[in-house]
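1. next input, structure requested:
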Amino acid sequence: RVSGIYLMIVGSRVFIFADTTVNIDPNAEELAEIATLAADFAKQIEMEPRVAFLSFSDFGATPHPRSNKVAQAVQIVKKQRPDLAVDGEMQADTAVVASLIEERYPFSAVKDANVLIFPSLEAANIAYKLMARLGNAKAIGPILLGMGAPIHVLQRADEVNDIVQIAAIAVMDAMNRE
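-> Numbers count the residues shown, from 1 in each chain. Predicted coordinates for the structure are as follows:
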C-alpha cells in the first residue's frame, strides 16, 4: 500500500503525520498498514516510533463506526507488530501531551507520541497545513511510503529549501534500500 507522510518539525520536536497524501478514507486494515509503514520510516530516520492512532474519541469513550475503525486498526497492528509501541484510539492532545495521558490513561502503551496516524486523508491534510501555517511548524514532504523505489513529491510552490530537504530524504531513502 502506498501512503504519504509529512515530517512535522515543531520547535525541537519531530512528528510524522500519516496519511496526508494518498488514502482518502482507509479502512482498519489499511490504517494498520499505513501505521507500520510510518513506524518503519521513523526507525529508518533514527526516531524511536511511538504511534498514536488519532480519533475524536479516547479509548472507546465515544463509540461510533469511525472511532471503532481506528480502534480496530490499533488491534491489528498490536497483533501483527508487537515490537511497535502503538495505542489508541485517542484525541490529538492526548497523543502529544504526556501529562494528559499519564493522568487520564496510565494504561496506555504510548506516551508523548511522535507518529500520528490520522483516520482519514482530510483530517491529516488539514492538520499538517494548519500546523505549518498557524503553528509555525516546518513541514517536509510529502514523502511516499510503500513504493518499490524512493519516490518523493515536489509541489508547485516549493522553494529551494523545500527541494533540498526532499532531495536529502530521497538520498537517505535510496541509501537505506541498498
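2. can you give me the strands for this structure?
-> For the chain, strands defined by DSSP state E occupy the ranges 3-10, 13-18, 50-54, 85-90, 115-117, 138-145.
3. list the buried residues for stretch 87-105?
-> Neighbour-count burial for stretch 87-105, counted by 16 or more other Cβ atoms under 10 Å, picks out D87, G88, E89, M90, Q91, A92, T94, A95, V96, L100, I101, Y105. In this view, the C-beta of every residue, glycine as well, is placed from N, C-alpha and C.
4. go on, stretch 43-60?
-> By neighbour count on 16+ other Cβ under 10 Å, the buried set for stretch 43-60 is M47, P49, R50, V51, A52, F53, L54, S55, F56, S57, D58, F59.
5. residue contacts, the first one?
-> So the one you mean is M47. V14, I16, N114, V115 (Cβ atoms under 8 Å, 6 or more residues apart in numbering).
6. if we go to 10 Å?
-> Shown in contact with M47 (Cβ atoms under 10 Å, 6 or more residues apart in numbering): L7, V14, F15, I16, A39, F41, N114, V115.
7. buried subset of these as a PyMOL selection?
-> Command for PyMOL that selects the buried part of the contacts of M47, burial taken from 16+ other Cβ under 10 Å:
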select buried, resi 7+15+16+39+41+114+115
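8. distance to V77 added to the contacts of M47, as a markdown table?
-> Conversion of those to a markdown table gives the following (distance: Cβ to Cβ, whole Å):
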| residue | distance to V77 |
| --- | --- |
| L7 | 21 |
| V14 | 21 |
| F15 | 18 |
| I16 | 15 |
| A39 | 8 |
| F41 | 15 |
| N114 | 16 |
| V115 | 11 |
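9. just give me the closest of the contacts of M47 to A124.
-> I16 (10.6 Å; Cβ to Cβ).
10. just confirm the closest one contacts F41, I think it does.
-> Yes - with contact defined as Cβ atoms under 10 Å, I16 counts as touching F41 (6.8 Å).
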